[in-house]
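Visitor: sequence and predicted structure, then a few things I'm wondering about:
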Amino acid sequence: MTLSTVICIGMAGSGKTTFMQRLNSHLRSKEQPPYVINLDPAVLNVPYGANIDIRDSIKYKKVMENYQLGPNGAIVTSLNLFSTKIDQVIGLVEKKQDGHTHCIIDTPGQIECFVWSASGAIITESFASTFPTVIAYIVDTPRNSSPTTFMSNMLYACSILYKTKLPMIIVFNKTDVKKEDFAKEWMTDFEAFQSAVREDQELNGDLGMGSGYMSSLINSMSLMLEEFYSQLDMVGVSSYTGDGFDQFLDAVDDKVKEYDEFYKAERDRIVKEKEEKEQKRKEKSLNGLMKDLGLNEAKKNDGHESDDSIEVISDLEEGENDGILERDEDEGVEREYTFAGDERMTGEVNEDKTPDLQKRYAEALAATAKSPSSETAENIARYIRE
Ligand SMILES: Nc1nc2c(ncn2[C@@H]2O[C@H](COP(=O)(O)OP(=O)(O)OP(=O)(O)O)[C@@H](O)[C@H]2O)c(=O)[nH]1
């Protein structure tokens, strides 16, 4: 049986840790002990036995002191440090996968530190490309009984779905305090949600919510959310009493099937598309540089084939749209790939090709001596000489 990964994400205080604890004991009672990972560096006590705990390798307080950071910055930095070791973590889980059906992962309460950081994306991507992976989005049910709070929370969940592109289960926690029926109704019946919004406005006074702008915003957002809800599974659980955990595991099984049928193919397609785009981008920036320097002409004249080491220079001198920073933010997972072949990173200089490259630049320089781009060309030539 293949191991599937469940990543627990949710607002601070929604009950992720308590949910993890209950899920762990529930699976153990079924003799399916999960592989447990804690990714919250700031948590004081982990009430379940974690197989891998970020706190063992990264001391959150030390990160704060050493890097002079505030609490959230330290969480992000701790995750960054941890993500550099993600290959080893995945290797460990892979080794243990025969003895476990589920790998469950707890994330920091500061949801944005995980979801919107490059390291969070690297960690999620690494698991998702190795195992079928499902997001469990934990919702504090009693705190979401107001329709506007509920909608804000669902919009957040929606943004996570579109960011991670992974199957998601909305877990309404704390159902021992408030049943999740109202939320299920709002998610399936647009009219019911509309009337809840109206009632809420009447009850809490206008406060600007009833203004034309706000009502039309809420209306259009809830229509948009209908599409989002159709892609989700939802379950109500109580991490205190253990209610609903069998249904949750059924939902995980369904989502794993969905992952295999749909998400996996979609992910593979996206990865392929990114690689093709990256290749095209490199070609384009290389061509741009060659054109700048008149290298196309020079190349035609001496009849040489393209030279790989030019890419080193193109990485250095590219335009804003191709900057390293942008790739780091958006496609952090591909950083290794981006730098592959960069001799400044690998230290492997291709001796055979360098003189040829210098010759071509020298020719190009001569050809463009009086052109406006000659200054750039000189700078590049100086770089090569150095
Ligand atoms: N009544 C009730 N309370 C719960 C349930 N699950 C969690 N709680 C309570 O909710 C509070 C927050 O729970 P945690 O598990 O610490 O929540 P968390 O999301 O891990 O918190 P952070 O990691 O700090 O964001 C605690 O006081 C829990 O006792 C539940 O199912 N029912």
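Guide: Happy to help now that I have it.
Visitor: for the nearest residue to residue 172 once chain neighbours are set aside, give me its contacts.
Guide: Of all residues not flanking residue 172 in the chain, residue 180 sits nearest, at 3.7 Å (Cβ to Cβ, 6 or more residues apart in numbering). C-beta here means a position set from N, CA and C on the backbone, and glycine is covered the same way. Contacts for residue 180 (Cβ atoms under 8 Å, 6 or more residues apart in numbering) come out as 141, 172, 234, 236.
Visitor: please identify which of the residues you listed is nearest to residue 31.
Guide: Closest to residue 31 out of the contacts of residue 180 is residue 236 (25.2 Å), distances taken as Cβ to Cβ.
Visitor: shouldn't residue 7 be in contact with residue 125?
Guide: No. The pair formed by residue 7 and residue 125 falls short of the contact definition of Cβ atoms under 8 Å, at 11.3 Å.
Visitor: contacting residues for the residue in the chain positioned nearest to the ligand?
Guide: Proximity of the chain to the ligand (Cβ to the nearest ligand atom) peaks at residue 109, 2.0 Å away. Contacts for residue 109 (Cβ under 8 Å, 6+ apart) come out as 11, 12, 13, 16, 40, 42.
Visitor: what's the neighbour count on the fourth one?
Guide: Residue 16 has 27 neighbours, counted by other Cβ atoms under 10 Å.
Visitor: before we move on, what about residue 281?
Guide: So residue 281, with other Cβ under 10 Å, has 16 neighbours.
Visitor: which of the helices or strands spans it?
Guide: helix 264-293 (DSSP states H and E).
Visitor: residue 254 now?
Guide: Secondary structure (DSSP H and E) places residue 254 in helix 245-258.
Visitor: secondary structure class for residue 162?
Guide: helix (DSSP: H, G, I helix; E, B strand; the rest coil).
Visitor: what about it, how many residues nearby?
Guide: The burial count for residue 162: 9, using other Cβ under 10 Å.
Visitor: contacting residues for it?
Guide: Contacts of residue 162 (Cβ under 8 Å, 6+ apart): none.
Visitor: and the chain, which residues reach the ligand?
Guide: Residues of the chain lying close to the ligand (Cβ under 6 Å from any ligand atom) are 10, 12-18, 40, 109, 173-174, 176-177, 238-240.
Visitor: can you select the buried ones from the residues you listed in PyMOL?
Guide: To isolate the buried subset of these in PyMOL, counting by 16 or more other Cβ atoms under 10 Å, use the following:
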select buried, resi 10+14+15+16+17+18+40+109+173+174+238+239
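Visitor: mind listing which of the residues of the chain next to the ligand are in strands?
Guide: Judged by DSSP state E, strands contain the following of the residues of the chain next to the ligand: 10, 173.
Visitor: in helices only, show me the residues of the chain next to the ligand.
Guide: Among the residues of the chain next to the ligand, the ones falling in helices (DSSP state H) are 16, 17, 18.
Visitor: ok, of those residues, which one's closest to residue 73?
Guide: residue 16 (21.1 Å).
Visitor: that closest one and residue 6 touch, don't they?
Guide: No. In this structure residue 16 lies outside contact range of residue 6 using Cβ under 8 Å: 11.3 Å.
Visitor: ok, now which ones touch residue 5?
Guide: Residue 5 neighbours (Cβ under 8 Å, 6+ apart): 102, 103, 104, 105, 127, 128, 131, 132, 133, 134.
Visitor: quick check, it in a strand?
Guide: Yes. The assignment for residue 5 by three-state DSSP puts it in a strand.
Visitor: gap between it and residue 255?
Guide: Going from residue 5 to residue 255 by Cβ to Cβ, to the nearest Å gives 11 Å.
Visitor: now do the shared contacts for those two.
Guide: Counting by Cβ under 8 Å, 6+ apart, the shared contacts of residue 5 and residue 255 are residue 134.
Visitor: tell me the pLDDT of residue 91.
Guide: Residue 91 is assigned a predicted lDDT (pLDDT) of 91.
Visitor: burial of it, as a residue count?
Guide: Residues near residue 91, counting by other Cβ under 10 Å, number 12.
Visitor: quick one: buried residues of the helix or strand containing it?
Guide: Following DSSP H and E, one finds residue 91 within helix 86-96. For helix 86-96, a neighbour-count test (16+ other Cβ under 10 Å) marks 86, 89, 90, 93 as buried.
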